[in-house]
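Asks: the amino acid sequence is not available; the structure is as follows:
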């Protein structure tokens, strides 16, 4: 049940001082889960708190927490905890919140169980068997769709179901790992061409991690979909636009997307997001309501999420000058036309078996304003991107670093962050001579 409890109390403070600072990304009301290691250590589960990581294995060994949920989360991936479902993640959240609360008396044990974030190497939080990418922004779909057909910019099915395609799970990487510019094929005016993409783009998306499992042939109705939402992160669906335009018809994205996907390493659990649940986005006049199997009173009332999202770009010239990155995008996830629960129900409506740790991408989170265009392909519809220092961009150049940030916000609640999702564009490899 998605209800507020003591873990969401805005007055609760932690004995980890950095978690109490105004604007802290990881206050005690957040407690995101991830997998980390230190030099020479094996990967293991942790919880972000302020500028520290709570080492769950160390806390278990010290007898400060216990239980099957904590044991599951302390391993090299979070899949075992995800398989146990939302009840287990609720249990773990309550235990960790009690341990880290100011009144717990555990501050004297901090040296045993805390690791500075600066010393932690972050890994993928789960072993990803499947990665499905959706397209739930009406604004994104309409802007780019109008280039092909101004009279019918949206896919025919857009308003009746959350459109998606299966992407490549094996090329998902954690924040901080570079993305290699891909070689590919596309048509130029002078004819066919093969070489490094000249139109590498970012796509700002929400990552949605799946909890539990449904047997093959068994759908997930809207009433049970929220229990399949383990948590959320940030996702960069890198896209080679020149390759994409050529290969898309008739079967959809392939090599233009499988080149790599970057995800933020911390999973903000569905429990942490309870204060930030908002009504699903209202449908425009003339747009029919979803069919009954994709509709529910709970989804209409609290299916959306209030998350401010932004993209920043740091070029090599900015880096050399010590300049701050430039913001390219500022948008809101609450504007999206389909909710995470609807994505889950649609995905499983044919009986598809969703597995613990499956990853869903929301699709590009563009909104209705110019600044909320969440990829470069949309931004440059108004002309080249002008950057501080006189640089311009149409698409990404080698050495450019793309940085995603997100923050859930609601009146009366402590705002929580998602951690960064960032990667540098690396040069394309030379094509083998033989």
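Replies: That came through fine. Keep in mind the model is a prediction, meaning the values are calculated, not measured.
Asks: how about the strands in the stretch 201-350 of the chain?
Replies: Along the stretch 201-350 of the chain, the stretches classed as strands by DSSP state E, counting those that start in this stretch are 204-210, 229-237, 239-240, 261-263, 268-269, 277-278, 304-305, 307-314, 326-332.
Asks: let me fix that, I meant to ask about the stretch 1-150 of the chain.
Replies: Here the stretch 1-150 of the chain has its strands, by DSSP E, counting those that start in this stretch, at 33-37, 44-49, 52-55, 114-116, 121-123, 131-135.
Asks: any chance of JSON lines for the strands of the stretch 201-350 of the chain, columns distance to residue 170, mean pLDDT and mean neighbour count?
Replies: For the C-beta atoms, the positions are set from N, CA and C on the backbone; glycine is no exception. Converted to JSON lines, the strands of the stretch 201-350 of the chain look like this (distance: least, C-beta to C-beta, whole Å; pLDDT from 0 to 100; neighbours: other C-beta atoms under 10 Å):
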{"stretch": "strand 204-210", "distance to residue 170": "16", "mean pLDDT": "98", "mean neighbour count": "28"}
{"stretch": "strand 229-237", "distance to residue 170": "15", "mean pLDDT": "98", "mean neighbour count": "27"}
{"stretch": "strand 239-240", "distance to residue 170": "17", "mean pLDDT": "98", "mean neighbour count": "24"}
{"stretch": "strand 261-263", "distance to residue 170": "10", "mean pLDDT": "98", "mean neighbour count": "26"}
{"stretch": "strand 268-269", "distance to residue 170": "25", "mean pLDDT": "98", "mean neighbour count": "27"}
{"stretch": "strand 277-278", "distance to residue 170": "33", "mean pLDDT": "98", "mean neighbour count": "18"}
{"stretch": "strand 304-305", "distance to residue 170": "28", "mean pLDDT": "98", "mean neighbour count": "24"}
{"stretch": "strand 307-314", "distance to residue 170": "25", "mean pLDDT": "98", "mean neighbour count": "21"}
{"stretch": "strand 326-332", "distance to residue 170": "28", "mean pLDDT": "98", "mean neighbour count": "20"}
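Asks: point out where the protein drops to low pLDDT.
Replies: 1 (pLDDT under 70).
Asks: could I get the buried residue list for stretch 62-69?
Replies: For stretch 62-69, the neighbour count (16 or more other C-beta atoms under 10 Å) marks 64-65, 69 as buried.
Asks: now, which of those sits nearest residue 255?
Replies: residue 69 (40.2 Å; C-beta to C-beta).
Asks: my guess is the closest one meets residue 83, correct?
Replies: No. Assessed by C-beta atoms under 8 Å, residue 69 is found out of contact with residue 83, at 11.2 Å.
Asks: ok so, going back, among the buried residues of stretch 62-69, which are in helices?
Replies: residue 69 (DSSP state H).
Asks: and residue 27, which of the strands of the stretch 201-350 of the chain is closest to it?
Replies: Nearest to residue 27, of all the strands of the stretch 201-350 of the chain, is strand 268-269, at 11.8 Å by C-beta to C-beta.
Asks: mind putting the buried residues of stretch 62-69 in TSV, distance to residue 223 included?
Replies: Converted to TSV, these look like this (distance: C-beta to C-beta, whole Å):
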residue	distance to residue 223
64	37
65	32
69	24
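Asks: and of the buried residues of stretch 62-69, the nearest to residue 313?
Replies: The shortest approach to residue 313 among those belongs to residue 69, at 39.5 Å (C-beta to C-beta).
Asks: show me where the stretch 1-150 of the chain has helices.
Replies: With DSSP state H, counting those that start in this stretch as the criterion, the stretch 1-150 of the chain has helices at 56-61, 68-73, 79-84, 86-100, 110-113, 138-148.
Asks: need the winner for burial among those helices.
Replies: helix 79-84 (a mean of 23; mean count of other C-beta atoms under 10 Å).
Asks: correct me, but residue 78 touches residue 46?
Replies: No. With contact defined as C-beta under 8 Å, residue 78 does not reach residue 46; the gap is 10.2 Å.
Asks: any common contacting residues for those two?
Replies: Residues touching both residue 78 and residue 46 (C-beta atoms under 8 Å, 6 or more residues apart in numbering): 33-35.
Asks: ok, back up a step: nearest to residue 352, of the strands of the stretch 201-350 of the chain?
Replies: Residue 352 lies closest, by C-beta to C-beta, to one member of those: strand 204-210, at 11.3 Å.
Asks: and that closest one, what does it pack onto?
Replies: On a contact count with 3 or more C-beta pairs under 8 Å, 6 or more residues apart in numbering; DSSP states H and E, strand 204-210 meets strand 229-237, strand 307-314, helix 340-348, strand 359-361.
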